[in-house]
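Peer 1: Sequence first, predicted model second:
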Amino acid sequence: MTQSIVLQLQQLRQQLEEYSYQYYVLDNPSMPDAEYDRLYRQLQQLEAAHPELITADSPTQRVGAAPISKFGQVAHSISMLSLDNAFDAGEFHAFSKRIAERLDASAEFSFCCEPKLDGLAVSIRYENGLLVQAATRGDGYTGEDITSNVKTIRAVPLKLKGDKVPAVLEVRGEVFMPLAGFTAMNDKARSEGEKIFANPRNAAAGSLRQLDPKISAQRPLMFYAYAVGAVDDVSGLLDNHSHHQRLMQLKDWGLPVCPEIRLVSGGEAALECYQDILTRRAALAYEIDGVVIKVDNLTQQQALGFVARAPRWAIAFKFPAQEMLTSLLDVEFQVGRTGAITPVARLEPVVVGGVTVSNATLHNQDEIERLGIKIGDSVIVRRAGDVIPQIVSVVLEQRPSTAVDILFPTQCPVCDSAVERVTGEAIARCSGGLFCAAQLKESIKHFVSRKAMDIDGLGDKLVEQLVDQQLVKTPADIYQLDMAALVGLERMAEKSALKLLAAIAQSKTTSLPRFIYALGIREVGEATALSLANHFASLEQVQQASLEQLLTVPDVGTVVAEHLTSFFNEAHNQTVIAQLIAAGIHWPAIEQQAVTEQPFAGQTLVLTGTLTSMGRDDAKARLQRLGAKVSGSVSAKTHAVIAGDNAGSKLAKATELNVPVWTEQQMLDVFTQYGVT
Ligand SMILES: NC(=O)c1ccc[n+]([C@@H]2O[C@H](COP(=O)([O-])OP(=O)(O)OC[C@H]3O[C@@H](n4cnc5c(N)ncnc54)[C@H](O)[C@@H]3O)[C@@H](O)[C@H]2O)c1
Ligand SMILES: [Zn+2]
């Protein structure tokens, strides 16, 4: 019996030791805090039942980890301790009862309630108001000398304010990374393929404990003071009665103090304060993992004193954990309305931040590779605030032998079309734009829009009804709609149905650029559609064009060319195009003349002001057909500016740069001359 308990204790201590090493020394924990806390509690309970088995080196008897040798060492003349935890109101009441009994006190305590900032503790020493040294907590007795690094934190004053400051003042507080800075730093690292930090605490610790302070200087670190360490204060400047009052003094001396700190009277008020901060947790600019509730009276604090590793006069009342351990059951691939394929992790349900989480996004294939994740893995899930749950890392040591690789689909899970991933893009997409049910509503809305097939009366609401009722499964089905189908729809009177059918019939007479644009190929806007039509002069030629041929078209770069080839390579799309043509969609042949005669070839033109004869888009399209590149801004390279009514700054700029200015009429004359009407 005892034998097995000894073994169990050994195992727990060893495990906690290893996790602490990763957490404190490497700043790279492999376990969520909640899992560490759970094992720690287990150890505490076992030790409480068998006090004879407690060893001096047990994690329950020690603080943090010894300083590492790459830094100089700093001995703390007043040790830097940890805090005992409470995980529910009952545990807080037990704390308050304990202290009342110890002090034999009947009156309510004044409590100072402070957000428990999630960063790392540092001690900063000021001598005659000047910052002379800064150290980490280390094992509580000896910390690491990080003076140069702390000096790079802008919020930390190098000199205290005012001339009345204690001769020696050690300020203790937390260095942390505000959420905005954390997110920005990780986004940048991710886009540059660099290591990202699992959470703001690791980011703060990893950023501060750098041999090169220049690296710390670039990191968005912040500091809040929450205690005083050693002092030499012969003139009695520092308050001797209230912890809260001391914090206010630190503030006056120029040290940042968390604005959420409250002095309250009694346990109930402390619990209310806890609740209040918990409700506002997500709205705070930095991460906190609980509220530290401290007996405010310094005489009482002194009387209560310390046990092994924590003061008796304070307790950290923890919030529900934002990171939990769970397992990855499966990965599903969802197809978005624009064809983007997103891997979604199906998780063993777990409560994170007070909410049950059973799914998390895995973003894309790069993210899957970055995490090195497999189905069956133990994973750390993080849900902070209203942010969608994320998988932050895999616990490799717990990988089961049955874990299997995640296979990214090569075929769309909705429509079976090929999945494409264009060079340089992280997102993989279904290439069956005209056929894929997941993309149908968006593709139909685009197909019928004004600059595409221009079907009047076919608004978004109606498109949704047609798709939902499965009357339209591809754009080609629009041309099969009849009276019987339409009058069955909501708010569709016979008269409007007739009008709609007429508009559909009318849309069959179109132009090649419009038709190409209507296909909704990614990145193929009106201008590109026009370039393609002009260059190839027929749909067949566009459909059959190779990547190299496409790259010779003005306006078409690698990304557009890749989208075009994968779209036309997809047989599903070809089928729908054939159905559309069969339904009677047609356009006038593009005259060879339009292709060759391009008086504006190689020229950049700018349109400005209000045109009276046509819309800006229309004019732009015609100028493009004549070879022009139409730009939005005037420079010395602009060939001419076409000025409509009320032209403003662009016209002024043209005059200033001696760029020729044409009237709308001059432009119309050119259109007539070349027959672009
Ligand atoms: N994930 C892991 O593998 C792993 C490993 C080791 C430790 N841990 C985590 O670390 C905790 C133990 O670390 P700890 O000893 O630093 O204890 P702690 O973080 O629970 O509490 C003490 C610390 O709280 C901080 N703090 C923040 N705001 C404060 C305030 N207003 N007043 C006073 N202190 C404040 C200080 O840095 C202080 O040192 C565990 O509960 C666990 O969650 C995790
Ligand atoms: Zn699809």
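Peer 2: Alright, I've got the coordinates. Numbers count the residues shown, from 1 in each chain. Ligands and ions are numbered 1, 2, ... in the order given.
Peer 1: contacts, neighbours, all on C-alpha from now
Peer 2: OK.
Peer 1: show me what contacts whatever residue of the stretch 251-400 of the chain ends up closest to ligand 2?
Peer 2: With C-alpha to the ion as the measure, residue 339 is the residue of the stretch 251-400 of the chain nearest to ligand 2, at 6.4 Å. When contacts are counted by C-alpha atoms under 8 Å, 6 or more residues apart in numbering, residue 339 touches 429-431, 433, 438-439.
Peer 1: Same check on residue 352?
Peer 2: Here residue 352 is in contact with 320-324, 381-383 (C-alpha under 8 Å, 6+ apart).
Peer 1: Near ligand 1, which residues of the chain are found?
Peer 2: 19-20, 23, 29-33, 36-37, 63-64, 82-83, 114-118, 120-121, 174, 226, 292 (C-alpha under 6 Å from any ligand atom).
Peer 1: buried subset of those?
Peer 2: Buried members of those, scored by 16 or more other C-alpha atoms under 10 Å, are 19-20, 23, 29-33, 36, 63-64, 82-83, 114-118, 120-121, 174, 226, 292.
Peer 1: among those residues, which are in strands?
Peer 2: Judged by DSSP state E, those include 114-117, 120-121, 174, 226, 292 as members of strands.
Peer 1: from these, which is closest to ligand 2?
Peer 2: For these, the nearest to ligand 2 is residue 117 (46.1 Å; C-alpha to the ion).
Peer 1: In contact with that closest one, which residues?
Peer 2: Counting by C-alpha under 8 Å, 6+ apart, residue 117 makes contact with 174, 176, 286-290.
Peer 1: residue ranges for the helices of the stretch 151-300 of the chain, please.
Peer 2: Per DSSP state H, counting those that start in this stretch, the stretch 151-300 of the chain carries helices over the ranges 179-191, 200-208, 213-218, 243-252, 267-279, 298-304.
Peer 1: Next, format the ones you listed as CSV and append mean pLDDT and mean neighbour count.
Peer 2: Converted to CSV, the helices of the stretch 151-300 of the chain look like this (pLDDT from 0 to 100; neighbours: other C-alpha atoms under 10 Å):
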stretch, mean pLDDT, mean neighbour count
helix 179-191, 92, 15
helix 200-208, 95, 24
helix 213-218, 95, 16
helix 243-252, 98, 19
helix 267-279, 97, 17
helix 298-304, 97, 16
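Peer 1: Looking at those helices, which is nearest to residue 612?
Peer 2: Closest approach to residue 612 among the helices of the stretch 151-300 of the chain is made by helix 179-191 (46.4 Å; C-alpha to C-alpha).
Peer 1: which SSE is the residue in the stretch 501-650 of the chain positioned nearest to ligand 1 in?
Peer 2: Going by C-alpha to the nearest ligand atom, ligand 1 is nearest to residue 559 of the stretch 501-650 of the chain, at 43.1 Å. For residue 559, the element it lies in under DSSP states H and E is helix 558-569.
Peer 1: So is that helix next to ligand 2?
Peer 2: No: Helix 558-569 lies apart from ligand 2 when judged by C-alpha under 5 Å from the ion; the minimum separation is 11.6 Å.
Peer 1: Give me the buried positions along that helix.
Peer 2: 559-569.
Peer 1: Closest one to residue 236 out of those residues, please.
Peer 2: Among these, and counting by C-alpha to C-alpha, the member closest to residue 236 is residue 559, at 71.4 Å.
Peer 1: Could you check how far residue 610 is from residue 641?
Peer 2: According to C-alpha to C-alpha, to the nearest Å, residue 610 and residue 641 sit 13 Å apart.
Peer 1: no wait, residue 52
Peer 2: 91 Å.
Peer 1: So for these two, which sits in the more crowded spot?
Peer 2: Set residue 52 next to residue 641 and count neighbours by other C-alpha atoms under 10 Å: residue 641 wins out with 25 against 8.
Peer 1: how much space between that one and residue 553?
Peer 2: Residue 641 is 25 Å from residue 553, by C-alpha to C-alpha.
Peer 1: Flag every buried residue along stretch 368-380.
Peer 2: Applying a neighbour-count criterion of 16+ other C-alpha under 10 Å, one finds 368, 373-380 buried in stretch 368-380.
Peer 1: about what we covered before: now do the helix holding residue 559: which elements does it pack against?
Peer 2: With contacts defined as 3 or more C-alpha pairs under 8 Å, 6 or more residues apart in numbering; DSSP states H and E, helix 558-569 has these neighbours: helix 547-551.
Peer 1: just the strands in the stretch 351-500 of the chain please.
Peer 2: Here the stretch 351-500 of the chain has its strands, by DSSP state E, counting those that start in this stretch, at 355-361, 378-382, 390-394, 419-420, 428-430.
Peer 1: could these be laid out in TSV, adding mean pLDDT?
Peer 2: Shown next, in TSV, are the strands of the stretch 351-500 of the chain (pLDDT from 0 to 100):
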stretch	mean pLDDT
strand 355-361	95
strand 378-382	96
strand 390-394	94
strand 419-420	96
strand 428-430	96
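Peer 1: Tabulate these (TSV), appending distance to ligand 2.
Peer 2: Shown next, in TSV, are those (distance: least, C-alpha to the ion, whole Å):
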stretch	distance to ligand 2
strand 355-361	19
strand 378-382	29
strand 390-394	25
strand 419-420	8
strand 428-430	5
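Peer 1: Quick one: closest of these to residue 202.
Peer 2: strand 390-394 (12.1 Å).
Peer 1: which helices and strands sit right next to the closest one?
Peer 2: Counting contacts by 3+ C-alpha pairs under 8 Å, 6+ apart, strand 390-394 packs against strand 355-361, helix 365-371, strand 378-382.
Peer 1: Quick one: closest of the ones you listed to residue 455.
Peer 2: With respect to residue 455, and counting by C-alpha to C-alpha, the nearest of the helices and strands packed on strand 390-394 is strand 355-361 at 37.6 Å.
Peer 1: Can you spell out which helices and strands pack onto the closest one?
Peer 2: strand 340-352, strand 390-394.
Peer 1: if you compare those strands, which one is most tucked away?
Peer 2: Most buried of the helices and strands packed on strand 355-361 by mean neighbour count (mean count of other C-alpha atoms under 10 Å) is strand 390-394; its value is a mean of 21.
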